[in-house]
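Chemist: Provide a 3D model corresponding to the input given below.
(6 chains)
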Number of protein chains: 6
Amino acid sequence: MSGHELFQTPWNFLGLPQKLSNPERARGWLLSIPYESTTSYGAGTREGPAAILAASRQVELYDREFGSEPAMEYGVHTTLPLNLVHRSPEAMIQSVEDAVAKLLSGSEHPKVLGVLGGEHSISGGVVRGLVRALNPDPLVAVHVDAHADLREEYEGSPYSHACAAKRIQEVCPIFQIGIRNFSAEEAAFMRRNSNIRTVFSEEASDPRGGYLRDLARFVKKKHVFLTVDLDGLDPAIMPAVGTPEPGGISWDRMLEIARTVCGNAAAVPVFDVVELAPIPGFRAPDFLAAKLVYKLFTYTLLGSRRITTGRRGNHG
Amino acid sequence: MSGHELFQTPWNFLGLPQKLSNPERARGWLLSIPYESTTSYGAGTREGPAAILAASRQVELYDREFGSEPAMEYGVHTTLPLNLVHRSPEAMIQSVEDAVAKLLSGSEHPKVLGVLGGEHSISGGVVRGLVRALNPDPLVAVHVDAHADLREEYEGSPYSHACAAKRIQEVCPIFQIGIRNFSAEEAAFMRRNSNIRTVFSEEASDPRGGYLRDLARFVKKKHVFLTVDLDGLDPAIMPAVGTPEPGGISWDRMLEIARTVCGNAAAVPVFDVVELAPIPGFRAPDFLAAKLVYKLFTYTLLGSRRITTGRRGNHG
Amino acid sequence: MSGHELFQTPWNFLGLPQKLSNPERARGWLLSIPYESTTSYGAGTREGPAAILAASRQVELYDREFGSEPAMEYGVHTTLPLNLVHRSPEAMIQSVEDAVAKLLSGSEHPKVLGVLGGEHSISGGVVRGLVRALNPDPLVAVHVDAHADLREEYEGSPYSHACAAKRIQEVCPIFQIGIRNFSAEEAAFMRRNSNIRTVFSEEASDPRGGYLRDLARFVKKKHVFLTVDLDGLDPAIMPAVGTPEPGGISWDRMLEIARTVCGNAAAVPVFDVVELAPIPGFRAPDFLAAKLVYKLFTYTLLGSRRITTGRRGNHG
Amino acid sequence: MSGHELFQTPWNFLGLPQKLSNPERARGWLLSIPYESTTSYGAGTREGPAAILAASRQVELYDREFGSEPAMEYGVHTTLPLNLVHRSPEAMIQSVEDAVAKLLSGSEHPKVLGVLGGEHSISGGVVRGLVRALNPDPLVAVHVDAHADLREEYEGSPYSHACAAKRIQEVCPIFQIGIRNFSAEEAAFMRRNSNIRTVFSEEASDPRGGYLRDLARFVKKKHVFLTVDLDGLDPAIMPAVGTPEPGGISWDRMLEIARTVCGNAAAVPVFDVVELAPIPGFRAPDFLAAKLVYKLFTYTLLGSRRITTGRRGNHG
Amino acid sequence: MSGHELFQTPWNFLGLPQKLSNPERARGWLLSIPYESTTSYGAGTREGPAAILAASRQVELYDREFGSEPAMEYGVHTTLPLNLVHRSPEAMIQSVEDAVAKLLSGSEHPKVLGVLGGEHSISGGVVRGLVRALNPDPLVAVHVDAHADLREEYEGSPYSHACAAKRIQEVCPIFQIGIRNFSAEEAAFMRRNSNIRTVFSEEASDPRGGYLRDLARFVKKKHVFLTVDLDGLDPAIMPAVGTPEPGGISWDRMLEIARTVCGNAAAVPVFDVVELAPIPGFRAPDFLAAKLVYKLFTYTLLGSRRITTGRRGNHG
Amino acid sequence: MSGHELFQTPWNFLGLPQKLSNPERARGWLLSIPYESTTSYGAGTREGPAAILAASRQVELYDREFGSEPAMEYGVHTTLPLNLVHRSPEAMIQSVEDAVAKLLSGSEHPKVLGVLGGEHSISGGVVRGLVRALNPDPLVAVHVDAHADLREEYEGSPYSHACAAKRIQEVCPIFQIGIRNFSAEEAAFMRRNSNIRTVFSEEASDPRGGYLRDLARFVKKKHVFLTVDLDGLDPAIMPAVGTPEPGGISWDRMLEIARTVCGNAAAVPVFDVVELAPIPGFRAPDFLAAKLVYKLFTYTLLGSRRITTGRRGNHG
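Modeler: Below you'll find the model as predicted:
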């Protein structure tokens, strides 16, 4: 049984061996924030990061689109998860900002930081931490979601999951994709606010993808914070979210969005994937989320070099 | 915390405040019939109505298609659920007829009555109650389902779920959509019976929707009883049914059917949505059903005014 | 079908008819607080109150111990659930205090208020609301739990579920039963604090129940706030909790505790039952919790009259 | 791999080979009646018989109490399940009577017929079929249950699950064990009806088992119909029932009851085990039910020979 | 109740009566191999065959595509399941070969043998048994899957599920469809091996289905072994597999593949459907698999006569 | 928030900080072997080790019995899990032996090695590894289980889970506790084999615990391999096993057994806890198993010093 290791690889994203997952070597780092505090319905997003890590160990490293094993090239370091703070949502978001800033500005630091939620409210802290550490200019956000998340406050808190995009657009312009549920208040805010561009789900699902040109323009030569609330995807493939809205984005559309962002932006130093609420015994959503995170690392870390060249030629 | 209520809204459809959910004010009423007695496989439809009510409290009131919060305009009253009668399916269906007739002919009564099943056999009682109370003329039925439900009797009862459409077409002509499973006996009955028009699932799934013109003609200026067996939808988005048949209708197709009916009929005084059998821990189907019921109330109550004008211009 | 009602009773605790569940008539009121924000593991206690209400509709009104249908005598009003506040745990606990105080001091008010959690942190607000409204003197607390819940703060918040008893004993002396898990810090606090009496689980499970005499003395002629964290019960009968500790209290022991409290106290104006985290598809714990809440209403409302007379003679 | 069969045994109770499971040879027959029509809460008992059969294939044939493999001695034939009739509960119960009478009076017939429910209402048909075929005299019934099931009718039907014992005691005297839930109407009926002897759950759980002497007297030299509603057992070991009432019978108590009945009766020609409502993914209750059915076959078929001799000496 | 049978049909595929399911009469035989030993993640495929049989009893016999009840024409015999061998995967695969060869070469034997897994590794034994019994010439394999399964060995075994196609292509050329996950090693093997033709998932999902012409040529006038790993289908409709890869084949595409194979091949003497790992409480995938198996029997047994004539004309 | 760490502790048993979980410092090591290959029924034990680790992070470090936080004293190192070998059960068991021997004989090695299964067949490899590395003399095994596991081979393999104890007693004498299910072959083997002492479940459940004296004698001054198949416990508290046999050992009895072994043996250098098959969504069994593993580390590492002194005096 030569060539067969007696013990498994460490418990990290993709099950990478130590030489690819140590912080010195790895260009991608992954931070878990299993925070769930303000969720209304369908609890469980605190279990999301652990489920994504577990599923990622079954994801094949080889990527047909690249014709190689991208993670072998860049490496991913799985950091320790963030501790929870329950003094207030505000305190927790501050802690997220602190952690993200600390990771990005250390002497050892990732080229791309991926963050796993937990509820979407963490994204407000993530983007603030990004700005504090790197102050990228110009910075824009791309936001995939079923909900506009543009409430000023919700259930007494401006740091509710329902206010995630509101907090982000206070920091930088935002391009929303897949939106199909919002309030009258949010509808009014969208109409009058030039900082926000919203692509509703019908348009986002259109196979011709006309809006991708707008997206490409929006991110062109900019630094991008990409935030993916998994409920932006269609419930047929992603039922494991708190409020699964019919009529969402398909897997192929999701990858096109990511390719468009990463193929046009100057850089995507941070992305997050949030709101997976695993359904016990039902693993397909966990697996999809893990695969998406791997794809996002690959696009953000290798993308500017390769994606823009026609990908179809690489198969088999 | 000004502007924030200390207590929640009552436990009703959409979580509407008392002023919108009281029977005097509300133009839509919703009756739950958690009846399950003749189901063959995959129990649980008795839990359907409660799951739809619970999920409806998470549905956003704002509707992009209308650019407003339609329920604020018409109100919905959630009646007490019907009591169960277990002397025989016949007695239960009689009780359904009695209840529907009573609600529709009271001095206070709804403009549109929505009914939640429970198993599909209730629809035979619903249509009889509608006729007894209002005797609308001409009356036709539109029936979304995976199964033809045209058996004369099943497991000894003419009031089985498998006979639902047979009982309806004894009352009025019926237009079936999404059908993809039936018996040789039913196939023969369909062929020889001019009272029945069947659109099979392949045709119903065709994005060009040619059959919608036939449907529009069928309901034109007529009173319509709309009955939706949720297994007509594709199992990818609606697995929570007793016999989930592959190859069903998508969410967008379902809404097109509803718009076509409500935009052309003289009135849709009653609709039902039946056969949700909630899967514990898996909420996407409950949420979809709740959203569908809300859409049906909106189309049936506001539709003649607005839907026929091009809806696409209303977004954002 | 004379004598058979066409429609069901309203959706309230025990499914009581309107004449027994209206606030004017009912001597017991039940407030749901579906709050879950600081839970560490095993989410879902936000679903607890709804599951208890649903299960309670299957509980038989007749009680062998009393030889009657106690709820027919005293009535129970199910209030609207408390709205959630997510500004901070502190703000939520304040809202609990406000609601409890308001309900207890209204011109119409219950003789006994039952409260359903949600996480245990609410109890700190419940006892403060009780004091503010009624200022009962002397007041003591009886606390059934697996955990001491005596931390000064946890995950940054003094209003965490892990601090529930710490907050209560700041208001009044506390008698803890069934405890089997705590930290070194809590062990030290218990030893040095005369305000706290702790009966560990082995002693609480002893069928001879020697500690019940101490409990009787502790509550004698006092006003009692009774707080039951369901994880105090044994996981064999109550697995639906966040951290199910082996070695807990049986159903019979739990009833003995309640009888001892209610048979000796001057009054039990408020009790709560918290931390049910329903397991989808597994209803036994929900049903047990519903039955316990009914028993607590009966003991607190009828207990001083009857329990002390030998109950065994009443059977059959 | 000599001695190893290429194919598995047929899909029957205990996975017995053809030579032990054919109707000519087998002295025990097992009839499944997957009927569920009048259940109020917690659906699923229609899946009970199939789950018991599946679990039985994992039950070890060797029985320590007998020091042998009893099924190898008597054989069990698994009949085809009864077809469902949904014209009315009355028609279904008639069909149960017909089937039981037919099986018991055929030229080939079992010495003991076991029946698997399905809901408890079937027992009324089972006992009538027994009387019609064999007219055993004197006949008594022994009934393990959490509920008295003595309602005259329920939800409009005298053949509801809640009336099972009422229908049985119209045929013969009945001895109820483990009862802990009933209505005021049933309490009155029990008090005034000499045909019924009720052992409540506290008494049934008493380890000294004083009531077993009464039970022995009750069945002495009589023919017994034994009917076990699994909710008579404690929810800790049997949560898979519609209304799991805390405070039930343990596994050891259940076996003592069965031994007492079979060791004293003249014969137990028919027994049934009803109301298993399997919880998906949770097999312990299915397994327990399968083991109980095997024990009941052994006690009823071999019991008069061996059980009364001290069983403890047989171990190991 | 004339015409209504008292007892159900036997527990076999489709619930066929004895006269259609006995081995003399039936032209299709179905062998279950509930083997699971080398699975990495997401256990449960050992439950697959039983779940498919259970679901098949709900499948309607009438097939719209054929305008008849095909199973009434050809009959299906459900054999006893294969016993498991756990000495080694090699020994188990040998046992599969033995069983398949034995069934195909008996004096009574099926025209088409369907096999249900269990894990995909069994297919290596199935194809070897086919060759040993019938030695069809020329023989090719058609393989639907998400994974290439072309590893030489995996976790120490050449008979792992991850090597299924590697073992098959040692016997005959193979045409793979729906592949979307494989290793670098497998990519290299595919490129250099002319025995393998791979249609990746994007191409397989293309509604124009250009690759179907290649497939038709590949199987033209040849004997075909068709092996379907259900994870080739999209997780939206088939989440009940070990590693559900996003981006799979739809139900309609799956049927087109089967029609193309059966309409062009000389014969399809054996097919298998493997890797269903049922999700407790979630039946849609079981039902789809059962329906697929029925379709495969129909296409393989009746296909050469009818499918090539335009099927669309047969509806209704 | 001084004193509050920004990041969580590593993902190890009990969530210990690095300084207590590094291999240099830790006296207890924990090896996971997520192996499942020969299981017959109720899959899922491959998920056992990960579920125990996850639950252990919620276990309180403080132990009332010791009045301290024992893990702070001895430390636990969580090794990387063993890789799976699927060439044959024999090869896997060899790999287990190799790993255990390697860990125990390294220059850095644990004082006590805990092993988590996976299926029980691993224990045969564990005890062989123990002998190879340490050759302790005299060595005996203590075995808690519902099943005798004394088959010579099962389903073609001598390394099946059903042969675990047979393989162990080939190495050393064995004392079995809680046994309640075995075959006629095993019964005969037990009777004639002096190497085996079996305490059946009734005796093991007797609260007077007379057999504990025998157990104390059996282990006195010997080296002990303690192997706990969790199905030895009662299904009420441990339903998450493959074949949950009614009538098992309680939590208190389990601890008494462990105390008796550790308080009398010369040393317990290795123990294993096997066969947890987590039920999705149902965590009580995972939590109990985690707590048991912690208790076993404490008893084996600290026991000889303290347990024999009366533990009751330490409470509170």
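
Chemist: how many residues are close by the closest residue to A:Ala165 other than its chain neighbours?
Modeler: Distances taken as Cβ to Cβ, 6 or more residues apart in numbering or on different chains place A:Asp149 nearest to A:Ala165, at 4.0 Å, with adjacent residues excluded. (C-beta placed from N, C-alpha, C; glycine too.) Using other Cβ atoms under 10 Å in any protein chain shown, A:Asp149 has 30 other residues around it.

Chemist: A:Asp149 reaches A:Asp231, doesn't it?
Modeler: No - the criterion here is Cβ atoms under 8 Å, and A:Asp149 misses it with A:Asp231 at 10.3 Å.

Chemist: now for the residue nearest to A:Pro235 when sequence neighbours are not counted: which residues touch it?
Modeler: Leaving aside its chain neighbours, A:Pro235 sits nearest to A:Pro244 (3.8 Å; criterion: Cβ to Cβ, 6+ apart). A:Pro244 sits next to A:231, A:235, A:238, B:283-284, B:287-288 when contact means Cβ atoms under 8 Å, 6 or more residues apart in numbering or on different chains.

Chemist: bridging residues for A:Leu30?
Modeler: Beta-bridge partners for A:Leu30, by DSSP bridges, are A:Thr78, A:Gly114.

Chemist: thought A:Leu80 was touching it, still the case?
Modeler: No - using Cβ under 8 Å, A:Leu30 is not in contact with A:Leu80, being 10.8 Å away.

Chemist: of these two, who's got more company?
Modeler: More neighbours surround A:Leu30 than the other of A:Leu30 and A:Leu80, with 27 against 16 (other Cβ under 10 Å).

Chemist: wait, what's in contact with that one?
Modeler: Contacts of A:Leu30 by Cβ under 8 Å, 6+ apart are A:13, A:76-79, A:113-116, A:293, A:297.

Chemist: relative to chain C, how far out is it?
Modeler: Distance, A:Leu30 to chain C, using Cβ to the nearest Cβ, to the nearest Å: 22 Å.

Chemist: mind checking pLDDT for that residue?
Modeler: You'll see A:Leu30 listed with a pLDDT of 98.

Chemist: chain C versus the closest residue to A:Val268 other than its chain neighbours, what's the distance?
Modeler: Sequence neighbours aside, A:Thr300 is the residue nearest to A:Val268 in space, at 4.3 Å (criterion: Cβ to Cβ, 6+ apart). In this view, A:Thr300 and chain C are 31 Å apart by Cβ to the nearest Cβ.

Chemist: find the helix or strand that A:Thr300 is a member of.
Modeler: If you go by DSSP states H and E, A:Thr300 is part of helix A:284-306.

Chemist: just the CA atoms of that helix, as CSV, please.
Modeler: Extracted C-alpha coordinates of helix A:284-306, given in CSV (Å, rounded to 0.1, in the frame of the first residue of the first chain):
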residue,chain,number,x,y,z
ALA,A,284,-26.7,18.4,-1.5
PRO,A,285,-26.8,22.1,-0.5
ASP,A,286,-23.8,21.7,1.7
PHE,A,287,-21.9,20.1,-1.2
LEU,A,288,-23.0,22.9,-3.6
ALA,A,289,-21.9,25.6,-1.2
ALA,A,290,-18.5,23.9,-0.7
LYS,A,291,-18.0,23.7,-4.5
LEU,A,292,-19.0,27.3,-4.9
VAL,A,293,-16.4,28.4,-2.3
TYR,A,294,-13.7,26.5,-4.1
LYS,A,295,-14.8,28.0,-7.4
LEU,A,296,-14.7,31.5,-5.8
PHE,A,297,-11.2,30.9,-4.5
THR,A,298,-10.1,29.8,-7.9
TYR,A,299,-11.6,32.6,-9.8
THR,A,300,-10.4,35.3,-7.4
LEU,A,301,-6.9,33.8,-7.2
LEU,A,302,-6.3,32.6,-10.7
GLY,A,303,-9.0,34.4,-12.6
SER,A,304,-7.3,37.4,-14.1
ARG,A,305,-4.9,35.1,-15.8
ARG,A,306,-7.1,32.6,-17.4
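
Chemist: low-confidence regions, chain A specifically.
Modeler: Residues of chain A meeting the criterion pLDDT under 70: A:1-4, A:40-42, A:304-316.

Chemist: show me which residues of chain A sit near chain E.
Modeler: Residues of chain A found near chain E (Cβ under 8 Å from any Cβ of the partner chain) are A:1, A:4, A:57-58, A:60-62, A:64, A:67-69, A:234, A:236-237, A:251-252, A:281-284, A:287-288, A:291, A:315-316.

Chemist: any of those residues buried? List them.
Modeler: Burial by neighbour count, 16 or more other Cβ atoms under 10 Å in any protein chain shown: within the residues of chain A next to chain E this picks out A:57-58, A:60-62, A:64, A:67-69, A:234, A:236-237, A:251, A:281-284, A:287-288, A:291.

Chemist: narrow those to those in helices?
Modeler: Taking DSSP state H, the ones among those that sit in helices are A:251, A:284, A:287-288, A:291.

Chemist: any idea which element the residue nearest to A:Cys163 when sequence neighbours are not counted lies in?
Modeler: In space, and not counting its chain neighbours, A:Cys163 is closest to A:Arg151: 5.0 Å by Cβ to Cβ, 6+ apart. Assessed by DSSP H and E, A:Arg151 sits outside every helix and strand.

Chemist: who in the stretch 151-300 of chain A is up against chain B?
Modeler: Residues of the stretch 151-300 of chain A lying near chain B by Cβ under 8 Å from any Cβ: A:156, A:180-184, A:186-187, A:190-191, A:198, A:200, A:202, A:234-236, A:239, A:243-247, A:279-282.

Chemist: now, of these, which are buried?
Modeler: A:156, A:180-183, A:186-187, A:190, A:198, A:200, A:234-236, A:239, A:243-247, A:279-282.

Chemist: tell me where the stretch 1-150 of chain A has strands.
Modeler: For the stretch 1-150 of chain A, applying DSSP state E, counting those that start in this stretch gives strands covering A:28-33, A:76-78, A:112-117, A:139-144.

Chemist: by how many degrees do the first one and strand A:112-117 diverge?
Modeler: For strand A:28-33 against strand A:112-117, the angle between stretch directions is 20 degrees (axes from the mean of the first three to the mean of the last three Cα atoms, to 10 degrees).

Chemist: that older thread, what helices or strands is the helix holding A:Thr300 leaning on?
Modeler: strand A:28-33, helix A:48-56, helix A:70-74, strand A:112-117, strand A:223-229, helix A:251-264, strand A:267-274 (3 or more Cβ pairs under 8 Å, 6 or more residues apart in numbering or on different chains; DSSP states H and E).

Chemist: send me the shortest one as PDB with only the CA atoms.
Modeler: To tie it back to what came earlier, the one meant is helix A:70-74. Output in PDB follows, covering the C-alpha atoms of helix A:70-74 (Å, rounded to 0.1, in the frame of the first residue of the first chain):
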ATOM      1  CA  PRO A  70      -6.100  24.800  -8.800                       C
ATOM      2  CA  ALA A  71      -5.900  24.400  -5.000                       C
ATOM      3  CA  MET A  72      -2.500  22.700  -5.500                       C
ATOM      4  CA  GLU A  73      -1.300  25.900  -7.000                       C
ATOM      5  CA  TYR A  74      -2.600  28.500  -4.500                       C
END
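
Chemist: gap between that helix and the chain center?
Modeler: When distances are taken as Cα atoms, centre = their mean, to the nearest Å, helix A:70-74 is centred 19 Å away from the chain's centroid.

Chemist: other residues contacting that helix?
Modeler: If you take Cβ under 8 Å, 6+ apart as the criterion, helix A:70-74 is touched by A:14, A:16, A:20, A:26-28, A:61, A:63, A:111, A:294, A:297-298, A:301-302.

Chemist: what are the buried residues along it?
Modeler: Buried residues in helix A:70-74, counted by 16+ other Cβ under 10 Å: A:70-71, A:74.
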